[in-house]
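Enquirer: With the input below, show me the fold.
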Amino acid sequence: LAFQIIALVCNFSSSRGLTARLNHCDVETLFHEFGHALHSLLSRTEYQHFSGTRVALDVAETPSNLFEFYAWDYRVLRTFALDETTGDPIPEKLVKALNASRNMFPATDLQRQVFYSIMDLTLFGEHTSKPVDTISAVADLKRKHTSWNYVEGTHWHTRFSHLINYGAGYYSYLYARCFATTIWQEVCQGDPLSRSTGSAIRDKFLRHGGAKDPSVLLKDFAGDSVIKNSGGGIIPDISSLCKEVGL
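Expert: Model (predicted):
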C-alpha cells in the first residue's frame, strides 16, 4: 500500500490570532496551487512516472487554472469566506465588485501573457554562436507586441523566474487558460460544487495524470470544442476564452 503526502508551502501575510486572513489575491493563488496538489493526490496511474503533474507541458497548468475559477465564484466563496465576528458569509455584492474589477482590463492582461510567451520562446529559440543581448531582444519584443512603452535602462526579465523553470514553455499558461476556461464553461459553471462535477473532474481528468493522450483526455472531458487542428498540430480553441474576457 502506497501513501502520498502533498504539501503546499505558502508565504502569506501573518494574521493575529488563530483565524487566517487572506486577501483575495492570496485566495486565488492558494486555489491555483491546490489544483496542482489535487492533480497529484487524485491520480491513479499504473506507473509512478505518469502520475499527477507529470503530464505534457501543454496541459500541466490546466488543473491549477481551472481551480482559479472557483476562487471567483460566489457559490464557492460563501462556504468559507466568513465574517470573523458574525460568521456571516461574504456579501454577494462584494464578490460581484471583485469580478467587475477583474474584468476591467482583460485584454491588457492577455496581451501581457502573450508577450511573456513570445519573449520566452525567443530567448530559448535558435541562436547563432554570438551571445544574445537579452535586454535589446526583450525591448524589441515589447515595442512590437505590446501597446505600452519600454523603459530604457531596465532589465526586469532577469527577475522573471519562469524563464528558468519553464524555459521555452511559458506558452503553456495561455494554453492552460484556454483549456480551463472551456472546461469551466462546459463542465463546472452550472454547479461547481456538485458531486457530479467533482466526480467528472476526478474521473475524467485528474486520475489519468500523464498516462492518457492529452488531446483524447481533454475531448473526453470537455467535448470536441476544447481543441482544434492547426498547421498539422493541435492547439486550444480560444472561443471560450474570448467569451470569458469579452473579446
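Enquirer: Which other helices and strands does the strand or helix carrying residue 118 contact?
Expert: According to DSSP states H and E, residue 118 maps onto helix 106-123. Under the contact definition 3 or more CB pairs under 8 Å, 6 or more residues apart in numbering; DSSP states H and E, helix 106-123 sits against helix 134-145, helix 162-165, helix 171-183, helix 239-245. C-beta: built from backbone N, CA, C; applies to glycine.
Enquirer: What lies in contact with stretch 38-53?
Expert: 4, 6, 36, 60, 63-64, 67, 202, 206-211 (CB atoms under 8 Å, 6 or more residues apart in numbering).
Enquirer: Endpoints of it, how far apart?
Expert: Counting by CA to CA, to the nearest Å, you get 9 Å between the two ends of stretch 38-53.
Enquirer: Pull out the buried positions in it.
Expert: Buried residues in stretch 38-53, defined by neighbour count with 16 or more other CB atoms under 10 Å: 38, 39, 40, 42, 43, 45, 51, 52, 53.
Enquirer: Likewise for stretch 75-83?
Expert: Under 16+ other CB under 10 Å, the buried positions of stretch 75-83 are 76, 77, 81.
Enquirer: ok, the last one - contacts?
Expert: Listed by CB under 8 Å, 6+ apart, the contact partners of residue 81 are 27, 89, 90.
Enquirer: From residue 95, how far off is it?
Expert: To residue 95, residue 81 is 8 Å away according to CB to CB, to the nearest Å.
Enquirer: what's the worst-scoring helix or strand of the chain on mean pLDDT in contact with?
Expert: Here the helix or strand of the chain ranked lowest by mean pLDDT, DSSP states H and E is helix 162-165, holding a mean of 85. Helix 162-165 has contacts (CB under 8 Å, 6+ apart) with 116, 120, 123, 124, 157, 170.
Enquirer: Filter those down to the buried ones.
Expert: For the contacts of helix 162-165, buried by 16+ other CB under 10 Å: 116, 120, 123, 157, 170.
Enquirer: Strands of the protein, start to end?
Expert: When assigned using DSSP state E, the strands of the chain occupy the ranges 227-230, 233-236.
Enquirer: by contact count, what packs against the first one?
Expert: On a contact count with 3+ CB pairs under 8 Å, 6+ apart, strand 227-230 meets helix 214-222, strand 233-236.
Enquirer: pLDDT below threshold where in the chain?
Expert: 1-2, 14-19 (pLDDT under 70).
Enquirer: centroid residue for it?
Expert: residue 65 (2.8 Å; CA atoms, centre = their mean).
Enquirer: For stretch 213-225, output the C-alpha coordinates as PDB.
Expert: Below are the C-alpha coordinates for stretch 213-225, written out as PDB (Å, rounded to 0.1, in the frame of the first residue of the first chain):
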ATOM      1  CA  ASP A 213      -3.000  11.300 -24.600                       C
ATOM      2  CA  PRO A 214      -3.800  15.000 -23.700                       C
ATOM      3  CA  SER A 215      -6.000  15.600 -26.800                       C
ATOM      4  CA  VAL A 216      -8.100  12.500 -26.000                       C
ATOM      5  CA  LEU A 217      -8.200  13.400 -22.300                       C
ATOM      6  CA  LEU A 218      -9.400  16.900 -23.000                       C
ATOM      7  CA  LYS A 219     -12.000  15.900 -25.600                       C
ATOM      8  CA  ASP A 220     -13.400  13.100 -23.400                       C
ATOM      9  CA  PHE A 221     -13.700  15.500 -20.500                       C
ATOM     10  CA  ALA A 222     -14.900  18.800 -22.100                       C
ATOM     11  CA  GLY A 223     -16.100  17.800 -25.600                       C
ATOM     12  CA  ASP A 224     -14.600  18.300 -29.000                       C
ATOM     13  CA  SER A 225     -14.700  22.100 -28.800                       C
END
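Enquirer: No more questions from me, cheers.
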